[in-house]
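**Q** Got a sequence here, can you model it:
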Amino acid sequence: MIRKDLVNYQNETHEDNSCPKCKGDLEFNGGSNMETENWYCNDCNSSYLVQVEMVRFWETLEECKL
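**A** Sure thing, here's the model as predicted:
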């Protein structure tokens, strides 16, 4: 669920981990699962949910010897 105050920012890219509101540093705030992560800006006290995508590198597949 996207908060209404974040809708203006959802299409911007934030590869530099900067806050879209104040350009402060975003910090990982836990809550990671297979779909989203929580990020937080200490400068403006904003919280963000960021969608994530897991990538498998099948070319590195190795059999485990137990």
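
**Q** element containing the most centrally placed residue in the chain, please.
**A** Closest residue to the average C-alpha location of the chain: residue 50 at 3.5 Å, with CA atoms, centre = their mean. Per DSSP states H and E, residue 50 falls inside strand 46-51.

**Q** Name the helix or strand for the nearest residue to residue 34 once chain neighbours are set aside, please.
**A** Among residues not flanking residue 34 along the chain, residue 54 sits closest, at 6.2 Å (CB to CB, 6 or more residues apart in numbering). All C-beta atoms are positioned from the backbone trio N, CA, C, and that covers glycine. Using DSSP H and E, residue 54 sits within no helix or strand.

**Q** Am I right that residue 54 is in contact with residue 36?
**A** No - look at residue 54 against residue 36 with CB atoms under 8 Å: they stay out of range, at 11.8 Å.

**Q** so what secondary structure elements neighbour the strand holding residue 50?
**A** Using 3 or more CB pairs under 8 Å, 6 or more residues apart in numbering; DSSP states H and E, the elements in contact with strand 46-51 are strand 36-41.

**Q** so who does residue 26 touch?
**A** Residues near residue 26 by CB atoms under 8 Å, 6 or more residues apart in numbering: 14, 17-19, 39-41, 48.

**Q** List buried residues within the residues you listed.
**A** 19, 39-41, 48 (16 or more other CB atoms under 10 Å).

**Q** I'd like the residues you listed laid out as a markdown table, including pLDDT.
**A** What follows is the buried ones among the contacts of residue 26, written out as a markdown table (pLDDT from 0 to 100):
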| residue | pLDDT |
| --- | --- |
| 19 | 93 |
| 39 | 92 |
| 40 | 94 |
| 41 | 95 |
| 48 | 93 |
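
**Q** Thanks a lot, catch you later.
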